[in-house]
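Student: sharing a model that was predicted from the sequence below.
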Amino acid sequence: MRTVIVGYLHPIMNNLRTRIKEKRGQLSSDNVGRLGEAIFRNILDSNILNDKKRIAIYYSVNNEVTTEQIIKHLWAENKELFLPIIKFNQLMFGSYKSGDNLNNNKFGIPEPVTRTEDLIAADILDLVIVPLVAFDSNCNRLGMGGGYYDRALAFKQTSSETHSPLLIGLAYELQKVNALEINSWDIPMDGIISETKTYLS
């Protein structure tokens with residue numbers, strides 16, 4: 001059961017963001033690599049990739065769960081891969097192939113160099129692998145605070161017939177909290193995969 005909190009909780013959420021980001025930032029590069037490898041293995045064991053063709057994934061920065069190994073695996077499996085792109089203050093997705101050029105956006109996150117007319121929306125994807133700052137065992141997600149993913153995925157709330165894309169968050173166990181207070185516009189994940197466990201909503 002998701003408890004909907006009406007109103008804004010920016011001070012509380014921003015304090016939590018700061019605390020979790022500090023904990024994540026203290027991970028050594030060796031730990032980031034080791035935990036990322038364990039999460040990659042759990043992704044493979046979960047079989048979520050098997051029947052998915054069009055997959056969006058984030059480009060990891062600032063000690064987020066590394067996606068480099070996942071991206072190389074998806075290319076080797078001939079999946080259609082997409083990275084998020086912020087365009088006109090909206091989150092869209094651009095094709096990402098091996099060797100493609102990337103440019104940093106206003107947040108310093110690498111994005112594909114893609115024509116606006118070639119961008120796609122999330123509703124035609126089969127799977128979206130999502131970054132997060134914090135999560136709880138009910139697969140509620142706390143992001144960076146910009147609301148980009150929530151707006152891009154809002155259609156998941158308005159159509160009972162919409163099952164795609166599958167939404168999977170990646171996180172370290174240190175990012176888990178007892179419970180997140182959420183708003184009506186927050187989009188939960190279908191699952192969250194950490195180095196030790198796969199949580200399902």
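Tutor: Yep, that arrived. Residues are numbered from 1 along each chain as shown.
Student: show the contacting residues for Leu180.
Tutor: 134-136, 140-142 (C-beta atoms under 8 Å, 6 or more residues apart in numbering). All C-beta atoms are positioned from the backbone trio N, CA, C, and that covers glycine.
Student: if I look at the spatially most central residue of the chain, how far off is Ser28?
Tutor: To find the centre residue of the chain, average its C-alpha atoms and take the closest one (C-alpha atoms, centre = their mean): that gives Val130, at 0.9 Å. The span separating Val130 from Ser28 equals 25 Å under the rule C-beta to C-beta, to the nearest Å.
Student: now do Asp100
Tutor: In this structure, Asp100 and Ser28 are separated by 30 Å, where distance is defined by C-beta to C-beta.
Student: give me the more crowded residue out of these two.
Tutor: More crowded of Asp100 and Ser28, by other C-beta atoms under 10 Å: Asp100, with 13 against 9.
Student: which stretches in the chain count as helices?
Tutor: For the chain, the helices defined by DSSP state H cover 10-25, 29-46, 68-76, 148-152, 155-158.
Student: next one: the fourth one to chain centre, how far?
Tutor: Averaged C-alpha coordinates place helix 148-152 at 11 Å from its chain's average position (C-alpha atoms, centre = their mean, to the nearest Å).
Student: hmm, who's touching it?
Tutor: So helix 148-152 is in contact with 84, 86, 90-92, 121-122, 130, 143, 185-187, going by C-beta under 8 Å, 6+ apart.
Student: thought the residue nearest to the centre of the chain was touching Leu166?
Tutor: No. Taking contacts as C-beta atoms under 8 Å, Val130 lies outside contact range of Leu166: 10.5 Å.
Student: dump the residue contacts of Trp185.
Tutor: Contacts here follow C-beta under 8 Å, 6+ apart; on that basis Trp185 touches 147, 150-151, 154, 157.
Student: filter those residues down to the buried ones, PyMOL style.
Tutor: The buried residues among the contacts of Trp185 can be selected in PyMOL (16 or more other C-beta atoms under 10 Å) with this line:
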select buried, resi 147+150
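Student: out of the contacts of Trp185, who's nearest Phe40?
Tutor: Distance ranking of those against Phe40, using C-beta to C-beta, places Asp150 first at 26.2 Å.
Student: mind checking pLDDT for the closest one?
Tutor: Among the per-residue scores, Asp150 holds a pLDDT of 94.
Student: go on, Ala134?
Tutor: Predicted confidence (pLDDT) at Ala134: the value is 97.
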